[in-house]
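Asks: coords please:
(4 chains)
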Protein chains: 4
Amino acid sequence: MDNLIIGGIELKSRLFIGTGKYPNHKSMYEAIESCGTQVVTMALRRVDLDSKEDNIIEFIPKDCILLPNTSGARNAEEAVRIARLAKAMGCGNWIKIEVISDNKYLLPDNYETIKATEILAKEGFIVLPYMSPDLMAGKMLVDVGAAAVMPLGSPIGTNRGIRTKELVQIMIDEINAPIIVDAGIGRPSEAAEAMEMGAAAVLVNTAIATSGNPIQMAKAFSLAVEAGRIAYNAKLGATGSLAKASSPLTGFLGEGDK
Amino acid sequence: MDNLIIGGIELKSRLFIGTGKYPNHKSMYEAIESCGTQVVTMALRRVDLDSKEDNIIEFIPKDCILLPNTSGARNAEEAVRIARLAKAMGCGNWIKIEVISDNKYLLPDNYETIKATEILAKEGFIVLPYMSPDLMAGKMLVDVGAAAVMPLGSPIGTNRGIRTKELVQIMIDEINAPIIVDAGIGRPSEAAEAMEMGAAAVLVNTAIATSGNPIQMAKAFSLAVEAGRIAYNAKLGATGSLAKASSPLTGFLGEGDK
Amino acid sequence: MDNLIIGGIELKSRLFIGTGKYPNHKSMYEAIESCGTQVVTMALRRVDLDSKEDNIIEFIPKDCILLPNTSGARNAEEAVRIARLAKAMGCGNWIKIEVISDNKYLLPDNYETIKATEILAKEGFIVLPYMSPDLMAGKMLVDVGAAAVMPLGSPIGTNRGIRTKELVQIMIDEINAPIIVDAGIGRPSEAAEAMEMGAAAVLVNTAIATSGNPIQMAKAFSLAVEAGRIAYNAKLGATGSLAKASSPLTGFLGEGDK
Amino acid sequence: MDNLIIGGIELKSRLFIGTGKYPNHKSMYEAIESCGTQVVTMALRRVDLDSKEDNIIEFIPKDCILLPNTSGARNAEEAVRIARLAKAMGCGNWIKIEVISDNKYLLPDNYETIKATEILAKEGFIVLPYMSPDLMAGKMLVDVGAAAVMPLGSPIGTNRGIRTKELVQIMIDEINAPIIVDAGIGRPSEAAEAMEMGAAAVLVNTAIATSGNPIQMAKAFSLAVEAGRIAYNAKLGATGSLAKASSPLTGFLGEGDK
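Replies: Residues are numbered from 1 along each chain as shown, chains lettered A, B, ... in the order given. Modelled structure (predicted):
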């Protein structure tokens, strides 16, 4: 089998899902169901344990792993506080670190992210840090205890695809931990491409939630992720620059082919 | 339902498969089975009705539509002769026109292809011409009776992907007939992309046959094509240049957010 | 020397300029002067020999070769009529064939273009046909007498760059006549790239005329074209995938480098 | 005027040159002369003050600013030692920080680079750090005193171009200091593109030194950098997706155009 293991848990689905921007909780629920994801991320802020009705957690299938994120944190300290709060609120011990002080492109602060990762990993969290793709920062994240590393493909919510391919591919090749492409993936083909490159998984939110039909789009992403993973394992054929005939080209009619 | 109709026949699978370059007939057969394709192309030359054992047609599932191609033809006249021969040999009335006199890049001759298409369509063939992407040539092919038009993504056998996207997208948008991307598709992600663009189907050969595991790769392509088609129907979300948060970014910890 | 010879005339500048879309004739004139172009194209329709004041030809430096185009022609016959009219009006015997019936993307009709080229070349015109990039059509154009072939980079006026690179590069490599990239070039870097690919020249209009400063932008394009041509002749270094140090990496401080 | 000011010095040329990989010192000297660069980087290790003959510094024109780099340093401490040594040896007070412990892709360590930058800026060096493109790390470098920031386009010596465009463009837009694209630029068109994006300068080495003709290639790069800078200042025209005619398209022959 080719399951992904993170934090000791074996995952069949390599598509992680975010919960923002859906038309409503119901469509989010159905999208999650339709794609078979096993890991669902949400901003802790959205979780409101007092109100049962509007509580986003009620709309996440029970068999999914919750991956609360530290969205809103602007430094390591804030991220650590949010993570502890999430655990105290019963969200479990998985945490996605997001430390962002850039309000325009929402690019993460790798330094503060490493600090937060180190603290939380020591406390027993399964830490998945969101980061700006950078080989050395990725290695440091793993060194301080990250369970996986989540470089961005392009800025959050842009649907621009994996525009950081050069750096992400090197991270995949050189870092001895699962690399999960997070942010920017806007189309199923781009999710497939990440998987063909050897990514362990992808996290998708905006591309599904803001599509014309989130339930169908979630299904499309799940098929694409599976396609890309199978292709990665089956090994892609070589790329050439000159044409090579698939069909015999000469001599069919016996008329002086060279 | 969202089936593709060509020549009056309704197709569930939008992945067409070529038969060249497989390690052996058996692996070809299994790849075809694994992806559920309904249209299989092969060079007429490969068909040898006298020998039952080595006859490629014996290794194509009976419920597939045969799409013999005119590989080896260097002008319209030769293509027409090969097409008629195919029909006479019992290959049915579907024909893929390939007229190629360029031995290096195997680029098709659109003029001769139009001529052959016109003649064969009049004779009742279901004609699918392989062509160099060009809006006006594509329109002419449809005017003279092509059942679908097959522009190349990049030269045959290169696995270089859809490098003619600019022209193919315009053909998809402007031509009132199925556009099937043929040649050059090297990865499942590229097949998904063609479908997201609105292609009616893709034809894949080299990428499957020369991969490390043709049976698995055929499966990957079939999932990717399905993913791309679903995404096309569900409508992709918009692409932006600035980031838009999926998660609420401010105010979580109530510390002076702006 | 590395001059370009077309129709027996030796050109020092490999930047051809179009005359549409300028804020006014004066800025057009200054842009032409600023870049040192020797070939200037204009739609015949703009030429009004009766009115001296508003006549665009008055604003084209006398030492430039006029390249009237057949803009407005929708078939070969119309193109031929416009070409003859241009000659009769004193525009000389260079003609750029444009045969366009697609009003949305302004994509040329290669077939009709070939027909017009054949007729006009026989009449002694120096024919430069605008075309949709296609190896076989390009060869035919040369066979029937084209002095150079002008494939599009992307649709006219889009500033989208050379999105047909795959096909244009093959034309450059395989066709024994000057290939001039026309349409779509939006930035000096794209003009440089066309020249690095081996294009004989580029034709630029919209990118200069609609820029913030046409005179400066014309200068920028002329430098870029020169840069690209020099690079082509000097031969680019090889591209690698692993890094290769430019500076010695090890042992500087003598501390146990491996 | 549009000169670049770094460390209080006004530079006319925005092309910085590296000194590695040339066939010999003489061709390096001539390449430098041919492009008019004013800033030349070299690994300190190459500098051998005892031997006059083979000393690379003898082959750098006297009016160039020396930019010794800390190539060979694997951490901040080593970089700082090399920088001080360079100054002591008479190389002046400009220093390019390179801290690299990845031997395969030669990707820099942003953390250690920030540390070294802080120390050396405080000592009065004009510090230009080479870095993996990352908005927050770039801001920190400027905060601790970098005179300019040098993100990589692709790994050193690969000639692969600016594959980190997404991140570099954001750095250019958001960081209030000169951004100099360093590493990976393989063609003049890519240098022009960096400048069109708004880079303050580019540093080129391998693409010139390993080309077929370093002297000519240096000239080509200098023209391309100038072209790109002029275009940036003149402001590029907008990019569209539908075609817009440069020439009037309808009615020329007065035959019922719509």
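Asks: does stretch A:79-86 reach chain B?
Replies: Yes - Stretch A:79-86 is in contact with chain B by Cβ under 8 Å from any Cβ of the partner chain, via A:81, A:82. All C-beta atoms are positioned from the backbone trio N, CA, C, and that covers glycine.
Asks: any bit of that stretch sitting next to chain D?
Replies: No - Stretch A:79-86 stays clear of chain D (Cβ under 8 Å from any Cβ), getting no nearer than 14.1 Å.
Asks: report the distance from that stretch to the chain centre.
Replies: Centroid displacement of stretch A:79-86 relative to its chain, using Cα atoms, centre = their mean, to the nearest Å, is 21 Å.
Asks: the closest residue to residue A:18 other than its chain neighbours: how many residues sit nearby?
Replies: What sits nearest to residue A:18 in space, not counting adjacent residues and going by Cβ to Cβ, 6 or more residues apart in numbering or on different chains, is residue A:205, at 2.7 Å. Neighbourhood size, residue A:205 [other Cβ atoms under 10 Å in any protein chain shown]: 25.
Asks: any idea how far residue A:205 lies from residue A:20?
Replies: Separation of residue A:205 from residue A:20 (Cβ to Cβ, to the nearest Å): 6 Å.
Asks: quick one: the helices in the stretch 1-150 of chain A?
Replies: A:25-35, A:76-88, A:110-122, A:135-143 (DSSP state H, counting those that start in this stretch).
Asks: how about the helix or strand following the shortest one and chain B, touching?
Replies: Think helix A:135-143. Of the helices and strands lying after helix A:135-143 in sequence (DSSP states H and E), the nearest is strand A:150-151. No - in terms of Cβ under 8 Å from any Cβ, no part of strand A:150-151 sits within range of chain B; the closest distance is 13.3 Å.
Asks: strands paired with strand A:150-151, and their directions?
Replies: Take DSSP bridges as the rule and strand A:150-151 pairs in its sheet with strand A:126-131 (parallel).
Asks: in the partner strand, which residues are buried?
Replies: Within strand A:126-131, the residues that count as buried by 16 or more other Cβ atoms under 10 Å in any protein chain shown are A:126, A:127, A:128, A:129, A:130, A:131.
Asks: same question for stretch A:21-28.
Replies: For stretch A:21-28, the neighbour count (16+ other Cβ under 10 Å) marks A:21, A:22, A:25, A:27, A:28 as buried.
Asks: farthest-apart pair in those residues, please.
Replies: A:21 and A:25 (12.0 Å; Cβ to Cβ).
Asks: switch the helices of the stretch 1-150 of chain A over to TSV; also include mean pLDDT and distance to residue A:11.
Replies: Formatted as TSV, these follow (pLDDT from 0 to 100; distance: least, Cβ to Cβ, whole Å):
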stretch	mean pLDDT	distance to residue A:11
helix A:25-35	92	13
helix A:76-88	95	20
helix A:110-122	98	19
helix A:135-143	97	19
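Asks: right, so of these, which gets closest to residue C:80?
Replies: Per Cβ to Cβ, nearest to residue C:80 of the helices of the stretch 1-150 of chain A: helix A:25-35, 59.2 Å.
Asks: report all helices and strands that the closest one contacts.
Replies: On a contact count with 3 or more Cβ pairs under 8 Å, 6 or more residues apart in numbering or on different chains; DSSP states H and E, helix A:25-35 meets strand A:15-18, helix A:206-209, helix A:214-234.
Asks: give me the residues contacting that helix.
Replies: The contact list for helix A:25-35, computed with Cβ atoms under 8 Å, 6 or more residues apart in numbering or on different chains, reads A:13, A:15, A:17, A:19, A:22, A:40, A:54, A:56, A:58-61, A:64, A:208-209, A:214-219, A:221-222.
Asks: mind running it again at 7 Å?
Replies: A:15, A:17, A:19, A:22, A:40, A:56, A:59-61, A:64, A:208, A:214-215, A:218-219, A:221-222 (Cβ atoms under 7 Å, 6 or more residues apart in numbering or on different chains).
Asks: and for stretch A:59-72?
Replies: Residues from elsewhere that reach stretch A:59-72, judged by Cβ under 7 Å, 6+ apart: A:9, A:16, A:25, A:28-29, A:32-33, A:37-45, A:79, A:82-83, A:86, A:91-92, A:94-99, A:128, B:247-253.
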